[in-house]
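> dropping a prediction and its sequence here:
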Amino acid sequence: MLYREVGEYKTSYAEDSQTFPIKFDRYRYFFVLLVGILFVPFVINDYWAGAVFLPFLIYAIASLGLNILTGYCGQVSLGTGGFMAVGAYAAYKLMTAFPDLNIFFVVIISGFVTAAVGTMFGLPSLRIKGFYLAVATLAAQFFLVWLFNKVGWFYNYSASGQITAPARSLGDFLITGPDATPAAQYLFCFLFVFILAWIARNLTRGKIGRSWMAIRDMDIAAEIIGVNPLIAKLSAFAISSFYVGVAGALFFTVYLGAVEVTEAFNIQKSFIVLFMIIIGGLGSIFGSFAGAAFMVLMPVVLKNLLVTQLGWATDIAAHFEFIIIGGLIVFFLIVEPHGLAQLWNLLKQKLRLWPFPY
Amino acid sequence: MSADFLYTIEVILNGLMAGVLYALVALGFVLIFKASGIFNYAQGVMALFAALTLVGLQEGRVPFAHLINATFGTHVHNFDWTLPAVAAIALTVVVMVLFAICVEKLILKHLVNQEPIILFMATIGLAYFMEGFGDLMWGSDVKKLNVGIPQGGSLWFEDLTIGWAAEGEKFYGMYIDILDVWAAVIALVLVLVLTIFSQYTKSGRALRAVADDHQAALSVGISLRMIWVLVWSISGFVALVAGMMWGAKSGVQFSLSLIALKALPVLMLGGFTSIPGAIVGGLIIGAGEKLFEFFIGPLIGGATENWFAYVLALLFLVFRPQGLFGEKIIERV
């Protein structure tokens, strides 16, 4: 009854091809935005920001990026952790070399640096396909982490090998450093998520997004009808790496504050982000968010449930966490291989007819 | 001969030995990939799980002891018996077959005809599951594995080679771990047995038929599900052998599951579908990364073994996208 397009007449092409063609969807979108901007910042505290909101927003950016590459362009990448590390170290070097540079631009420039690195590692994709490429991107993962671990210049020769984000502010609000308030950090990340998701949505339905999808569906056929695979693949790598780099920069500067590269950006990060887009839905903007929310929330919920509520020993709970995460991933893949986004679409189809069966 | 030259030979020899171990893990990957097109990331964890089970059975540990103790407040840890190595290995093989049946029944059966990436993800999920399950079942402490394979440097080989160096050079003979030699011999036997199995037995022939063409194999009456159970069992067995070798070398612990990551470049180099490719790839990678670490490593900070194999395989793939021995990729529109 609530959710239907009856009575909505589109009179222009622009109206017809808008992101949320149904009024209810549009209102829901603005509602979520309003809650995100006007409500959450006032109630957020350290625990909620640290355990849920910041990781969710940052991982959402990363999975948007990987979804562009894997979901839209069909190039499986396992180098996400390495590219996040590039973003983080670029941000660190920029912050320490140019103390006056605004944190907003630090994050953006880190994204561009990562895009350059990502394009370089994307070059083999022109020759190598499928799982060979997936394994080849692992070269980026291992090489980059090793590089940041071994070459002192990247961590300014600090004794511990760690990098620590100095305090920076945007206007009057501290964004990084130990004294930053969770609300400011949250809004800073929210801003990036909003802008980047908006860009991603519009890129993927434009010319460039269509060329990505053509490459994904069959690259030889795409080449024959005039899609340049060099431009399509490398642009996907560049833009995806830009997103991942921004996520890495935020992950380091805003979320963690201090980072040890082999710990924070190891191969598990690559897998987690890949899980997010698979569970969320390949080739779907909503799916990137849903997957990120799922993978961030599940460990928190499990920990609360098993350790706090049921009072299990932490090591047993940790083992069970692995079992449950692994089991759920397999379960989800069996039930709905196209991810949460597909479930959401099915639900919407049902809602349009509800309460009638047809 | 100069000492430097002899050192180089020593490095190459040790690299080749390590390469054999990589090849063992890669072998399990290739078997499953050929028969079902699944890129089985869980192979490393299977090796860990097999080794854990082997140790647990051999020492008579109580499965889920930690969980039982935490739930019921008891203090059980060990049964009062220990098994001889052979019996424990046989039982572990049974466990791995059971595991294969479970995987087929619970996962593969439901994911027929899905895209490769979905299947790949499912095996990563499986890997997570097995990691937690193995630790829960046998405990997460580092265990010593002793199945009666001798270990330590070979004195005989050291004595043999000590005289090779030129007069007045400082050279104390080459170091070779007997365990590595054993591993190489066992790997060789394993490959021989697998080859004989796939060439001269009925199930082996069915296996090759499925690898060639799923649908054609189905249409002549080969049960795909039966083949999958078979091939996962064989991979389980290969994983057991790999887990045994690595476990005897460095103890049975979580890091054992990371050998899967060592096997991936081997696979890329050799081709996902070729058993000889896995062996040759393993040897190239093993010798290559040890040589690189020996000559270039000290100049750029060391610990290059983590990534060198990948970069080598990557460069290699640019010239031969299907790997050294992989089937030529033919694409049609």
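That came in fine, so what should we check first?
> tell me where chain B has helices.
B:3-36, B:43-58, B:65-72, B:85-106, B:116-138, B:155-162, B:178-200, B:202-212, B:214-219, B:224-250, B:259-270, B:275-295, B:297-300, B:305-319 (DSSP state H).
> nearest to A:Phe265, out of the ones you listed?
helix B:305-319 (13.5 Å; Cβ to Cβ). Every C-beta, even on glycine, is put in place using the N, C-alpha and C of the backbone.
> show the contacting residues for the nearest residue to B:Gln43 once chain neighbours are set aside.
Of all residues not flanking B:Gln43 in the chain, B:Gly28 sits nearest, at 4.7 Å (Cβ to Cβ, 6 or more residues apart in numbering or on different chains). If a contact means Cβ atoms under 8 Å, 6 or more residues apart in numbering or on different chains, then B:Gly28 has B:40, B:43, B:46-47, B:235, B:238-239, B:242 as its contacts.
> need the helices of chain B in JSON lines with mean pLDDT, can you?
Output for the helices of chain B, formatted as JSON lines (pLDDT from 0 to 100):
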{"stretch": "helix B:3-36", "mean pLDDT": "84"}
{"stretch": "helix B:43-58", "mean pLDDT": "89"}
{"stretch": "helix B:65-72", "mean pLDDT": "77"}
{"stretch": "helix B:85-106", "mean pLDDT": "91"}
{"stretch": "helix B:116-138", "mean pLDDT": "87"}
{"stretch": "helix B:155-162", "mean pLDDT": "73"}
{"stretch": "helix B:178-200", "mean pLDDT": "85"}
{"stretch": "helix B:202-212", "mean pLDDT": "85"}
{"stretch": "helix B:214-219", "mean pLDDT": "87"}
{"stretch": "helix B:224-250", "mean pLDDT": "88"}
{"stretch": "helix B:259-270", "mean pLDDT": "84"}
{"stretch": "helix B:275-295", "mean pLDDT": "87"}
{"stretch": "helix B:297-300", "mean pLDDT": "80"}
{"stretch": "helix B:305-319", "mean pLDDT": "84"}
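> for those, which one sits closest to A:Phe104?
Between A:Phe104 and those, the tightest spacing by Cβ to Cβ is seen for helix B:305-319, at 33.3 Å.
> all strands of the stretch 251-358 of chain A, in order?
For the stretch 251-358 of chain A, the strands defined by DSSP state E, counting those that start in this stretch occupy A:258-259.
> show me where pLDDT drops low in it?
For the stretch 251-358 of chain A, no stretch is flagged by pLDDT under 70.
> up against chain B, what does it have?
Residues of the stretch 251-358 of chain A lying near chain B by Cβ under 8 Å from any Cβ of the partner chain: A:267, A:271, A:274-275, A:278, A:282, A:312-313, A:315-316, A:318-330, A:333-334, A:337.
> filter the residues you listed to the buried ones?
A:267, A:271, A:274-275, A:278, A:282, A:312, A:316, A:318-330, A:333-334, A:337 (16 or more other Cβ atoms under 10 Å in any protein chain shown).
> now, those that are in helices?
Per DSSP H, the subset of those in helices is A:267, A:271, A:274-275, A:278, A:316, A:318-330, A:333-334.
> quick one: the helices in the stretch 101-250 of chain A?
In the stretch 101-250 of chain A, the helices defined using DSSP state H, counting those that start in this stretch lie at A:103-122, A:130-150, A:182-204, A:207-217, A:219-224, A:229-250.
> buried deepest among the ones you listed, which one?
helix A:229-250 (a mean of 27; mean count of other Cβ atoms under 10 Å in any protein chain shown).
> show me what that helix packs onto, helices and strands only.
helix A:54-66, helix A:80-97, helix A:103-122, helix A:182-204, helix A:207-217, helix A:219-224 (3 or more Cβ pairs under 8 Å, 6 or more residues apart in numbering or on different chains; DSSP states H and E).
> do you know which of the helices of the stretch 101-250 of chain A lies nearest B:Met268?
Evaluated over the helices of the stretch 101-250 of chain A, closeness to B:Met268 peaks at helix A:130-150, with 5.0 Å, by Cβ to Cβ.
> so that closest one versus helix B:259-270, what angle?
On the basis of axes from the mean of the first three to the mean of the last three Cα atoms, to 10 degrees, helix A:130-150 is oriented at 120 degrees to helix B:259-270.
> quick one: A:Val40 from A:Val52, how far?
10 Å (Cβ to Cβ, to the nearest Å).
> go on, A:Val106?
25 Å.
> do the same with A:Gly74
32 Å.
> give me the more crowded residue out of these two.
A:Gly74 (24 against 16; other Cβ atoms under 10 Å in any protein chain shown).
> quick one: secondary structure of that one?
With DSSP: H, G, I helix; E, B strand; the rest coil as the basis, A:Gly74 sits in coil.
> got a list of what it touches?
Counted by Cβ under 8 Å, 6+ apart, A:Gly74 has contacts A:212, A:215-217, A:219.
> still on that earlier bit, out of the helices of chain B, which gets nearest to A:Ala247?
Smallest distance to A:Ala247 across the helices of chain B (Cβ to Cβ): 20.6 Å, for helix B:116-138.
> tell me if that closest one is near chain A.
Yes. Using Cβ under 8 Å from any Cβ, helix B:116-138 reaches chain A at B:116-118, B:120-122, B:124-133, B:135-136.
> for that helix, buried residues please.
B:117-138.
> could you measure from A:Arg201 over to chain B?
23 Å (Cβ to the nearest Cβ, to the nearest Å).
> ok, the residue nearest to that residue when sequence neighbours are not counted - how many residues close by?
Among residues not flanking A:Arg201 along the chain, A:Ile285 sits closest, at 5.2 Å (Cβ to Cβ, 6+ apart). Around A:Ile285 sit 24 other residues, with neighbours defined as other Cβ under 10 Å.
> check the one 10 residues further on too.
The tally of other residues near A:Met295 (other Cβ under 10 Å) stands at 22.
> hmm, it is touching A:Phe271, no?
No. Contact criterion Cβ atoms under 8 Å: A:Met295 and A:Phe271 do not qualify, at 10.2 Å.
> who's the closest spatial neighbour of residue 283, skipping the chain neighbours?
Using chain A here. A:Gly71 (3.8 Å).
> that's the other chain; I wanted chain B
Nearest to B:Leu283 is B:Gly19, by Cβ to Cβ, 6+ apart, at 4.3 Å.
> relative to chain A, how far out is B:Asp213?
B:Asp213 is 19 Å from chain A, by Cβ to the nearest Cβ.
> just checking, A:Ala238 touches A:Gly118?
Yes. Using Cβ under 8 Å, A:Ala238 makes contact with A:Gly118 at a distance of 6.0 Å.
> still on that earlier bit, would you agree the residue nearest to A:Gly283 is in contact with A:Ser284?
Yes. The criterion here is Cβ under 8 Å, and A:Gly71 meets it with A:Ser284 at 6.8 Å.
> give me the more crowded residue out of the two.
The residue with more neighbours, out of A:Gly71 and A:Ser284, is A:Gly71; 27 against 23, by other Cβ under 10 Å.
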